[in-house]
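Peer 1: Next comes the sequence, and after it the predicted model I'd like to discuss.
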Amino acid sequence: MGNRTILFDIHNAMGARIVPFGGWDMPLHYGSQLEEHHAVRKDAGMFDVCHMTVVDLQGERVREFLRHLLANDVARLKEPGKALYSCMLNPQGGVIDDLIVYFMHDAWFRMVVNAGTTEKDVAWLTEQAPAFGVEVKPRKDLAMVAVQGPNARAKALPLLPDTLQEPAAALKPFYAATESGWFVGRTGYTGEDGFEVVLPEEMAVAFWQALADAGVQPCGLGARDTLRLEAGMNLYGSDMDESVSPLEAGLNWTIAWEPGERQFIGREVIEAHRDDPGNKIFIGLVLTGRGVLRDHQKVYVGDREVGEITSGGFSPTLEKSIALARVEAGVTGQCEVDIRGKRVSAKVVSPPFVRNGKIRIEL
Amino acid sequence: MSNVPNDLKYAKSHEWVRDEEDGTVVIGITEHAQELLGDLVFVELPEVGDTVDAGSECAVVESVKAASDVYSPVSGEVIAVNEVLADAPETVNQDAFGDGWLFQVKLSDPAQLEDLLDAEAYTDIMESEEH
């Protein structure tokens, strides 16, 4: 038996099929993964993301600490509530985790890290923080629910505490607001508009039930994966890990090279390879032949193996199989993928495949 | 608990077998198997004329998240496959024991049917896997 979130019993009551994931027993789906996927693209769905960890970082020098710790630059966060996506690199330039960090005020930043990496993340933060006098507080007392889809904000807003409704309604994308012990970010992992809501654990079951009563579809990890894959968002552990440079995982855009004197952890190693023509590229694939693309299938151009799929699956929106793949530079146009010993044709595209309900690639 | 029709035979690996009583059988995956897999999006079937051996992989059913092998419960020659599944793999989810059949085999050793499980024995296996 794995860890259970506070929502475990209500998942079962709502018909969830539970599977182990990163040490947790989590819902895979509540009947149909495809219906859940479409609900998020067309209306509103909700995800239990309590297994992810909120970490509060507090101290006078917290901004300086994060400018040292993260490959993206929190100096970009000037307005309270603004969020930033970043990789946290090890000294060898590999990715310890990818995360979102919110600027709350000059002595408080809030970070949300992945479930499977929480332990090593907290250990790493705790090792690095004392030099900056920063306190690292994992918030096990908080629950987190993602409400996503074109109608998600409208359905969730009336269910927030009164004092939070107005600031939450006014949030621009990638901003957060906090009131009454609740925290709402206009962020997500689906390619749709929506909120990620952090709230006191004891209020989570009632909030989940109220969302369901408002017509928000409960969604499992299955739909979460197909949604993020369509949105071209990386999955830690599949698309990148400690052995992979962000330069080869499509994450170049998250590295703040300027100012040049900012010596973030891992900079020296990745900067040496910044313009290396041998760097692999991170691409999208759409299967044109029959089958389903899966993680670790090999990609070929002619007889030559040029790389492999890092995340593959079926896209319910495109009704085709799609994938993210790491391949040699220069791969473009058409390629082939080895599916159980057969070569099947695929087209190289630039992710995202789908954003805000619309197909973003040429089929 | 999933429906397990009494008039079918079963394999431990969650296939069902319907005896057509003309030396052929129709094969599919059980209701329980489709529930475990979730929404199917692709089915790879053997070709008509292929020879299959009892216990060997002969088809693949892929759900949104995972691919799963289907094992032939019997040996023989494939004489028909369910063409509908090429465009409508979800038929297996909707009617696993009927319209969602996978393929039909002309038995090379009809005695193999005796080795298959009846509904009661299959139900016991299903239940033991759930605990």
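Peer 2: It's in.
Peer 1: Tell me if I'm right that A:Q92 and A:G266 touch.
Peer 2: Yes. Counting by C-beta atoms under 8 Å, A:Q92 does reach A:G266; the two are 7.0 Å apart. Any C-beta I mention is one placed from the backbone N, CA and C, and that applies to glycine too.
Peer 1: The two: who's more crowded?
Peer 2: Legend: neighbour count by other C-beta atoms under 10 Å in any protein chain shown for A:Q92 and A:G266, higher for A:G266 (24 against 13).
Peer 1: Count the neighbours of A:T254 for me.
Peer 2: 17.
Peer 1: Apart from its chain neighbours, what residue comes closest to it?
Peer 2: A:N72 (5.0 Å; C-beta to C-beta, 6 or more residues apart in numbering or on different chains).
Peer 1: now swap in A:H11 and tell me
Peer 2: Excluding the flanking residues, the one nearest A:H11 by C-beta to C-beta, 6+ apart is A:P27, at 4.7 Å.
Peer 1: what's the answer for A:D121, then?
Peer 2: In space, A:D121 comes closest to A:V113 once its chain neighbours are excluded; the distance is 4.6 Å by C-beta to C-beta, 6+ apart.
Peer 1: Got phi/psi on that neighbour?
Peer 2: With angles defined as degrees, to the nearest 10, A:V113 sits at phi -120, psi 170.
Peer 1: Quick check: bridge partners of it?
Peer 2: A:V113 has these beta-bridge partners by DSSP bridges: A:T53.
Peer 1: hang on, the earlier thing: now for the residue nearest to A:H11: which residues touch it?
Peer 2: Neighbour list for A:P27: A:11, A:16-19, A:48, A:218, A:220-221 [criterion: C-beta atoms under 8 Å, 6 or more residues apart in numbering or on different chains].
Peer 1: Can you give me the neighbour number for A:Q334?
Peer 2: Neighbours around A:Q334, by other C-beta under 10 Å: 11.
Peer 1: if I look at it, how far off is chain B?
Peer 2: 21 Å (C-beta to the nearest C-beta, to the nearest Å).
Peer 1: May I see the buried residues of stretch A:105-117?
Peer 2: Residues A:108-117 are the ones in stretch A:105-117 that count as buried (16 or more other C-beta atoms under 10 Å in any protein chain shown).
Peer 1: let me redo that: stretch A:276-295
Peer 2: Within stretch A:276-295, the residues that count as buried by 16+ other C-beta under 10 Å are A:280-287, A:291-295.
Peer 1: Among the residues you listed, name the ones that also lie close to chain B.
Peer 2: With the criterion set as C-beta under 8 Å from any C-beta of the partner chain, the members of the buried residues of stretch A:276-295 near chain B are A:291-292, A:294.
Peer 1: what's the residue in the stretch 1-150 of chain A positioned nearest to chain B sitting at in phi/psi?
Peer 2: Residue nearest to chain B within the stretch 1-150 of chain A (C-beta to the nearest C-beta): A:L34, separated by 4.5 Å. Note on A:L34: backbone dihedrals following degrees, to the nearest 10 are phi -70, psi -40.
Peer 1: what's the closest residue to it other than its chain neighbours in contact with, if anything?
Peer 2: Counting by C-beta to C-beta, 6+ apart, B:D39 is the residue found nearest to A:L34 once chain neighbours are left out, at 4.5 Å. Contact partners of B:D39, counting by C-beta under 8 Å, 6+ apart, are A:32-34, B:63-64, B:90, B:93.
Peer 1: Could you rerun that using 6 Å?
Peer 2: Contact analysis of B:D39 by C-beta atoms under 6 Å, 6 or more residues apart in numbering or on different chains lists A:32-34, B:63-64.
Peer 1: will you turn the residues you listed into a markdown table that also has secondary structure, pLDDT and neighbour count?
Peer 2: Shown next, in a markdown table, are the contacts of B:D39 (DSSP: H, G, I helix; E, B strand; the rest coil; pLDDT from 0 to 100; neighbours: other C-beta atoms under 10 Å in any protein chain shown):
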| residue | secondary structure | pLDDT | neighbour count |
| --- | --- | --- | --- |
| A:S32 | coil | 92 | 18 |
| A:Q33 | helix | 94 | 27 |
| A:L34 | helix | 95 | 22 |
| B:S63 | strand | 94 | 24 |
| B:V64 | coil | 89 | 25 |
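Peer 1: For the residues you listed, which two are the farthest from each other?
Peer 2: Among the contacts of B:D39, the pair separated by the greatest distance (C-beta to C-beta) is A:S32 and B:S63, at 10.8 Å.
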